[in-house]
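Asker: Compute the structure for the input listed below.
(3 chains)
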Amino acid sequence: MKERILAAYDPFVLPFVFGMTFVLAYCLIALVKVLIQLNAADRRKFALSLITPTTIFKNIRDIFCDCLFHVKLWKRNKVLGYMHSSIAFGWFMIIVIGHIETILYIPERLHKMYYPIFFRYFMEEQNTTLQGSFFFFLMDFFLLVILSGIAIAIVKRFRSRIVGMRRTTKLTLTDRIGLYSLWAIFPLRWIAEGFTAGVAGGSFMTVPINWLLHNFMSKPENITVAWWLYSIALGTFLTVLPFTRYMHIPAEILLVPMRNAGLPVRHTRKGFSLAMLYSCPSCGVCIDACPMGVQKKNVKDATVYMVRNLKRRNRKRSLEIAEKCLMCGKCAALCQVQMDACGLRLAYRTSQERKQNRIPADFGYLNAVAPLPRTETEGKVLYYAGCMSSLTPVISRSVQQVLRHAGVEFELMDKDGSICCGRPLMLAGRQDEARALIEKNRKLIEESGARILLVSCAICYRIFKEHYDLIGVEVMHYTEYFNRLLQEGRLKVKNSHQTLVYHDPCDLGRGCGIYDAPRTALRAVGQLVPALKEREESICCGGSVGSLTLRYEDREPITRGALDNLTANNPEQIVTACPLCLKTFGRYATVPVADFAQILAENLDND
Amino acid sequence: MIDFGYGLTPSSTLKIEDVRLPAFGELLRREPDAAKCIACGSCAASCSAGVFTEMNLRRVILSLQRGREKETLPLLRHCMLCGKCQLVCPRGVNTRHLILSIGKVYQLEEDKR
Amino acid sequence: MSQNVVVIGGGPAGIEASRKLRDLGYTPILIEKEPVLGGHLARWDRLFPDGVDASTFLDPMIADLDGIKYFTDTEVASINRLKDTWVVKLSNGLSAQVRAILLTTGFDLFKAEKKEEYGYGIYERVITNADLEAWFKSGAAPQFDDVKVIGFVHCVGSRDEKAGNRQCSKVCCVTAVKQACEIKEKFPDATVYCFYMDLRMFGRKYEDLYLKAQKEYGIRFVRGRVSEVSEDLDGHLFVKAEDTLFGKPMKLKADLLVLMSGMTPAASTQQLARMVNIQTGDDGFFLPKSLIVSPFTSSREGIFFAGAATGPKTLPETLSEASAAALAIDHYLKTLQR
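Answerer: Next comes the predicted model:
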């Protein structure tokens, strides 16, 4: 190996150098901006996490798994997984090997940022060595890997259904420029290296193309043209990168540690949120995930468009999208970069409420609410039915029936009217107001001497878990508690062998991660059949209090869509574990809908 | 003339022809469901806050349409936005958004003055 | 040989129309899916506004079916157009080729358990208007003996978009007032409340009945829709509503609650509409050519309607529509022959 171009420079490197410098500068400024925007406490938390060994390990693992290997995508869709990881990992390897070659053969050129990239142009091979051939092979191998990924990408762009996507994102103009330049980079590299394959060496990709296109490749005036085009493609891609979805490539490297540090979303587009916005790859998984997508007019309300509008500071559209969302969290659960889609929307709602709502809340009346009778019995269960359950009497009645059957001592917390749990207020962006309700309820519960707070509403359960910090009280959803009673043998049921399908309420499943307790319990009373999509992919019933603006008539198609999903395997009974889902499904279901407690109560073994 | 101690004071009658409702128009634009109410009272009957206070959404909606919002708007301060009214409303009125919108529209009107 | 006309639905509309068609010289083929003729009327005890026994109307009608072929326990299997006739196949294997079909499929009572907040099917002391009529008709002793407070809930499944029925069912207001008076006779010591959204006393003598209910029976009327019902350990009910005229929410402890289930399109409506390719409105009832001048004519040749198949109707309206439809069919068939 020896240097072929002694000046170690050719003007064709300029587009690349410009692009690279620009993108590095842009990222550096963005990084500083994000860090400055964090509040002091968050910044300290972030800094601390960066030096905590366990988090360091987690960060490295996540960066490799998420950014290079796209493990999450592989699990979901093998073709898309291969497409992304082949391009990302292949490109990464080409850069790494380019640097290794530079270090090995001509370390004094390492400071020139373009040298490892255009290595083949500047170097020539004098005699074949095993080491040289090894690198030639590796380079060509990864080039092939990337080219195969690019081929899939091109097919996907025109026929997204082939790779299993129903809808894909509408690209912006800059996205298109980025996309086409990205597509162009590697075929151009192939051709450019094909020219030099004769002198600089090559392997199974570059050598054959040199032979095949011999007439073209043997003309020296074509060489610089090819390398110029390659460099221009690179330069274009890098220059437009910050304004395209490809910004997610550098941004994710920042997002991963920030997420692992456990930073909360505090703002719509500052600090952590900004890192998140930059990290959106516009892949469009959220479009198919969104339950509102059953109506075409709602397609543009998917998270990817929310991010786009936030980036462009389009307040009107951002607010519309933020207020319309059901907050079911499905897009976030499927998101490749774990975008906190609900958090961003909530931040928007909160900022709007703080700015605009001028009828301030007054919950002074709560002071007059009498405390609950205090009893000190061991393991006392306090049952909070919640506001919605008073409109579905079957739930509280069945819960009490089951509790009595199991011989559990319990008291009702809200038989004379509930103080709302606070989650609906919170979802409406009234965080401070919600705190007043939380404090009152917390006091009532803690002072009652209860050991277990039993909740039959998924919405209430989530806020009790996330925001109450009850001291000495275990918060349990009735699916968990009844399953525990079943496992302990305190509750005896018989199996009706009826086929049941279980609907995961959003706040219970994706919200609190409870998927198995209800299923285990239901298997004891019937035969569980799967829904088409379930667990983290379950479809919101459409009744969610999460959406502020979605009209009644526009919820119907969502409900019908969710019902179609549940009844795919012809169950005899739909079972849900949330009063709102129960009521919503009840409106349109052709298969009977029952509550979880109701099904248990119907199958109690009284012998 | 004998004074019986009471008389007709102009303020006690509802002069409906004088009522101008620009704010209500704006409210309808934001939440068209405001026009769907049939005053059945379901919302007021099931209201979580109504157990403890005078909160009554039906009365609020009516007073807005009569230009007498000052009398009832303060009631909305007690609303916990729990959504029960939305669930019981036979007309499917989006009551939570209606309440949030009232909070924005009516205060905006006051700001202009 | 006289010409056949198929009449689908053996309620008052179907029976009355069949008799009129027979009198006009046709042979009606009357099809009823239930084991007996008479529809909802056969299960009803007394009729508003005068409290006449329903059987004094229905029995003579059913006794006078000479010249009418009728099939109970029978459904329509298929209907096909063949040139200018309709071929109707029945579930009993018979079929008929006719030039005119009259749809008198009527209505279904709204399933009150769909309004979960009222607890029908969950609370023992919550019954429907139909349950009450069945009890009146049976003459049995009351199921509950300590009935002191009774509530009637109007508009259950009527004027309720959430329940999928936006329409007013028209007859429940006056039925509730009638039943309130009747139940007061059974439980003279009880206080009876009617919870209404709007009282629609549109027919002749209905207003008188309303007045009588207030004056003679002491029925108390509360303007407010019941929002939810709960139960205490002894099975007594707590009914929540807003007294909208007074402007305050109220809670009533009641011993019996009667839900006035409204009218919904008969279950067979959609199926029949598909068979003969005619439209239904977004309320689910058959859509006639015009709601004013020909409420009994469909948009298709030879298909006619009568009664509640085209929307909630009172019994006298149904009966007069049945006669009018018979005349319209007669006119249609005579025009064809010319």
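
Asker: could you list every residue that touches the residue in the stretch 401-550 of chain A positioned nearest to chain C?
Answerer: Chain C sits closest to A:K415 of the stretch 401-550 of chain A, with a gap of 7.9 Å, by Cβ to the nearest Cβ. For every residue, glycine as well, the C-beta is placed using N, CA and C. Counting by Cβ atoms under 8 Å, 6 or more residues apart in numbering or on different chains, A:K415 touches A:A385, C:S230.

Asker: What of the one 3 residues further on?
Answerer: When contacts are counted by Cβ under 8 Å, 6+ apart, A:S418 is found next to A:Y384, A:A385, A:G386, A:C387, A:S390, B:S48, B:C82.

Asker: Report pLDDT for the fourth one.
Answerer: Think A:C387. Listed pLDDT for A:C387 reads 89.

Asker: and what of the last one?
Answerer: Predicted confidence (pLDDT) at B:C82: the value is 92.

Asker: Shouldn't it be within a strand?
Answerer: No - with DSSP: H, G, I helix; E, B strand; the rest coil as the criterion, B:C82 is coil rather than part of a strand.

Asker: Could you look up the SS state of C:R81?
Answerer: C:R81 ends up strand, using three-state DSSP.

Asker: who in chain B is up against chain A?
Answerer: B:33, B:46, B:48-49, B:51-53, B:73-74, B:76-84, B:86-88, B:92-94, B:96-97, B:100, B:102-104, B:106-108, B:110-111 (Cβ under 8 Å from any Cβ of the partner chain).

Asker: ok, now with 6 Å
Answerer: Within chain B, the positions adjacent to chain A are B:48, B:51-53, B:76-77, B:80-84, B:87, B:92, B:94, B:97, B:103-104, B:107 by Cβ under 6 Å from any Cβ of the partner chain.

Asker: Could you do the stretch 201-338 of chain C as well?
Answerer: Counting by Cβ under 6 Å from any Cβ, the stretch 201-338 of chain C sits next to chain A at C:E228.

Asker: The nearest residue to A:R555 once chain neighbours are set aside: neighbour count?
Answerer: Spatially, and ignoring its direct neighbours in sequence, A:R555 is nearest to A:G542 (4.2 Å; Cβ to Cβ, 6 or more residues apart in numbering or on different chains). Close neighbours of A:G542, defined as other Cβ atoms under 10 Å in any protein chain shown, add up to 29.

Asker: repeat for C:E228
Answerer: So C:E228, with other Cβ under 10 Å, has 24 neighbours.

Asker: domains in the chain, as residue ranges please.
Answerer: Let's take chain A. A:84-243, A:264-355, A:373-484, A:494-602 (automatic domain parsing).

Asker: Sorry, I should have been clearer: chain C.
Answerer: Looking at automatic domain parsing, the domains of chain C come to C:4-106+C:266-337, C:110-263.

Asker: Which strands or helices does the helix or strand where C:Y210 lies pack on?
Answerer: According to DSSP states H and E, C:Y210 maps onto helix C:206-215. Using 3 or more Cβ pairs under 6 Å, 6 or more residues apart in numbering or on different chains; DSSP states H and E, the elements in contact with helix C:206-215 are helix C:172-186.

Asker: Tell me the spacing between the nearest residue to A:V455 once chain neighbours are set aside and A:Y348.
Answerer: Nearest residue to A:V455 in three dimensions, chain neighbours excluded: A:Y461, at 4.5 Å (Cβ to Cβ, 6+ apart). Distance, A:Y461 to A:Y348, by Cβ to Cβ, to the nearest Å: 25 Å.
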